[in-house]
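[1] Here is my input; please provide its structure:
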Amino acid sequence: MRFFINTIDIKEINSLNQTGMVDEINTNPSILAKATSPIKKLLKKIAKQKDNAVTITPDLLLELYKIP
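    Predicted coordinates for the structure are as follows:
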């Protein structure tokens, strides 16, 4: 079984990461819309939490670069 969390809250990610149970951190445009810091900066922070790997879906990529 794999354990995924859907969040952009760095404190929450750190806390859950310490359990050793988190396999992947996911997010989506609706979660990122609630961000209070720049999205690219936030994604870099998230990537550092899980072996510098962040999965970016096509819809998220379009949103990041405001491509219609």
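[2] Enumerate the positions of the lowest-mean-pLDDT helix or strand in the chain that are buried.
    When the helices and strands of the chain are scored by mean pLDDT, DSSP states H and E, helix 58-64 comes last with a mean of 74. By 16 or more other C-beta atoms under 10 Å, the buried positions in helix 58-64 come out as 60, 63. All C-beta spots, glycine's among them, are computed from the backbone N, C-alpha and C.
[3] tell me what that helix is packed against?
    helix 29-32 (3 or more C-beta pairs under 8 Å, 6 or more residues apart in numbering; DSSP states H and E).
[4] Need the residues that contact the least confident helix or strand of the chain.
    27, 28, 29, 32, 39, 40, 56, 67 (C-beta atoms under 8 Å, 6 or more residues apart in numbering).
[5] Most neighbours among the residues you listed, please name it.
    With neighbours set by other C-beta atoms under 10 Å, the maximum within the contacts of helix 58-64 is found at residue 27, which has 21 neighbours.
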